[in-house]
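Trainee: Predicted model follows, preceded by the sequence.
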Amino acid sequence: MIPAIWIILVFALFFGTWLAAIERALIMSTPLVVRHELEIRGTPHRGFWIEKQYESIVQSVTFIKMMCFMCTVAGFVLLFGESPISLSAFIIGSAIGWAA
């Protein structure tokens with residue numbers, strides 16, 4: 001069980017970091033710049049789709065990044081916590097806080 005938690009922890013950490021870099025690049029640019037860069041690379045249809053769906057893409061990337069962060073924190077709590085009850089309380093509390 002412990003090696004599986006470590007694998008999930010490392011995967012969530014690397015994937016969350018990668019998504020944070022993508023999110024930062026999207027926030028620092030405009031939809032037109034992203035479309036232009038994809039047209040230069042030879043995928044104009046993908047650039048047009050991203051330009052139309054820009055806000056929802058940024059929100060989706062941010063949401064998945066936050067879920068990776070939550071998995072990282074939950075993994076550390078599982079590995080180093082004293083009681084699994086604190087993990088379930090943490091997950092329920094963060095879900096209630098996110099929904100509010």
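Mentor: That came through fine. Note that the coordinates shown come from a computational prediction; the quantities given were computed from them, not determined experimentally.

Trainee: Count the residues that sit near Ala12.
Mentor: 19 (other CB atoms under 10 Å). Using the backbone N, CA and C atoms, a C-beta is placed for each residue, glycine as well.

Trainee: Could you find the closest non-adjacent residue to it?
Mentor: Once flanking residues are discounted, Ala12 sits nearest to Cys71: 3.9 Å by CB to CB, 6 or more residues apart in numbering.

Trainee: Show me how far the helix or strand that contains the one you found is from its chain's centre.
Mentor: Assigned by DSSP states H and E, Cys71 belongs to helix 54-80. Helix 54-80 sits 4 Å away from the centroid of its parent chain (CA atoms, centre = their mean, to the nearest Å).

Trainee: just checking, what packs against it?
Mentor: Applying 3 or more CB pairs under 8 Å, 6 or more residues apart in numbering; DSSP states H and E, one finds that helix 54-80 makes contact with helix 2-28, helix 84-99.
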